[in-house]
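In: Need a 3D model of the sequence below.
(one chain, ligands or ions: 1)
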Amino acid sequence: MDCLKGNNLEELTTKEICLLVKEGDLPSHIAIIMDGNGRWAEKRGLPRLAGHREGIKSVRDAVTLCRELGISALTIYAFSVENWMRPRREVVTLMNLLEEYLQRELKTLLQNEVRFKTIGRIEQLPASVIRWIRNVEEKTEKNDKMTLTLALSYSGRTEITDAVNKIINDYSNGRLKDREITELTFSGYLYTNFLPEPDLLIRTSGEARLSNFLLWEIAYTELYFTGTLWPDFRKRDMLLAILDYQKRERRFGLIKEQVAGKGIKRSRGAQ
Ligand code: FPP
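Out: Take a look at the predicted model:
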């Protein structure tokens, strides 16, 4: 594959880029802020719903690719706490799409041994969506090839404040004895306590902000921003994002020589 390395990426086929990616160090956990569904639809004179529907195809592509590459976790920001303030019609549409996705995808997740999880204030979602979430979570709970997590009614600040309140509660009840909270203890109280920290965070649509996503967890995550709108972000775009990640030098606060060849990876909550 060395013969491909000097080439202009635009000249390479998706298959060739895929082979290049497979040669490098793969991220264990990718997080995605999918953005631009509305603009994608607007550009085509379509209702926003059309952008969200098309965006679900990109979600499927991302899950399939991660599974194919052997990436063990993919976390997608699907609905934020702030999104509740969108026009009611859009909120209802998004909830319907979510339920439709869960109903349709269960079979594929089972076939591909993907575990499905959610993070966020799930209790705020409509009852029928919660039922489907619990159903898909339960049925896929033993799958161990990959974890797909949807962030729903999620906010990074809410996650942190919820963790603080749980800690206070556990301390008051005697369930938590330590008077000193370490990073590791704190991480254990976050919604994401079953996941490693993300190695790569992708945001589409040209916005370069974090929008309250995984604020604690992304302390050492590599960020990748692209102008591509989410519904257009398909397998090739995702491969290019991973290839870009593979060119980065991750140092976790150390110096180059300490990291070189030692395969140092920051573990969750390490100090
Ligand atoms: C971002 O585009 C998209 C969202 C905030 C919502 C996406 C959620 C769904 C399609 C529901 C189902 C989800 C899954 C994963 C099955 P935007 O509307 O913010 O786009 P804009 O910035 O161009 O307006």
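
In: Can you show me the helices along the stretch 1-150 of the chain?
Out: Along the stretch 1-150 of the chain, the segments classed as helices by DSSP state H, counting those that start in this stretch run 2-5, 14-23, 37-43, 48-69, 88-111, 127-140.

In: what do you get for the stretch 151-271 of the chain?
Out: Going by DSSP H, counting those that start in this stretch, the stretch 151-271 of the chain shows helices at 156-172, 183-188, 235-246, 256-259.

In: and those helices, which one's lowest on average pLDDT?
Out: Mean pLDDT is lowest for helix 256-259 out of the helices of the stretch 151-271 of the chain, coming in at a mean of 80.

In: Now do that helix: distance to the chain's middle.
Out: Between the centre of helix 256-259 and the centre of its chain there are 28 Å (C-alpha atoms, centre = their mean, to the nearest Å).

In: Pull out the buried residues from it.
Out: Going by neighbour count (16 or more other C-beta atoms under 10 Å), the buried part of helix 256-259 is Val259. Yep, even glycine has a C-beta here, placed from its N, CA and C like the rest.

In: please renumber so the chain begins at 45
Out: Noted, 45 is the first residue going forward, which turns the last one into helix 300-303.

In: okay, the helices of the stretch 45-194 of the chain in CSV with mean neighbour count and distance to the ligand next?
Out: CSV is the format used below for those (neighbours: other C-beta atoms under 10 Å; distance: least, C-beta to the nearest ligand atom, whole Å):
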stretch, mean neighbour count, distance to the ligand
helix 46-49, 9, 33
helix 58-67, 15, 23
helix 81-87, 19, 2
helix 92-113, 19, 4
helix 132-155, 15, 4
helix 171-184, 16, 10
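
In: gap between stretch 67-81 and the chain center?
Out: How far stretch 67-81 lies from its chain's middle: 7 Å, per C-alpha atoms, centre = their mean.
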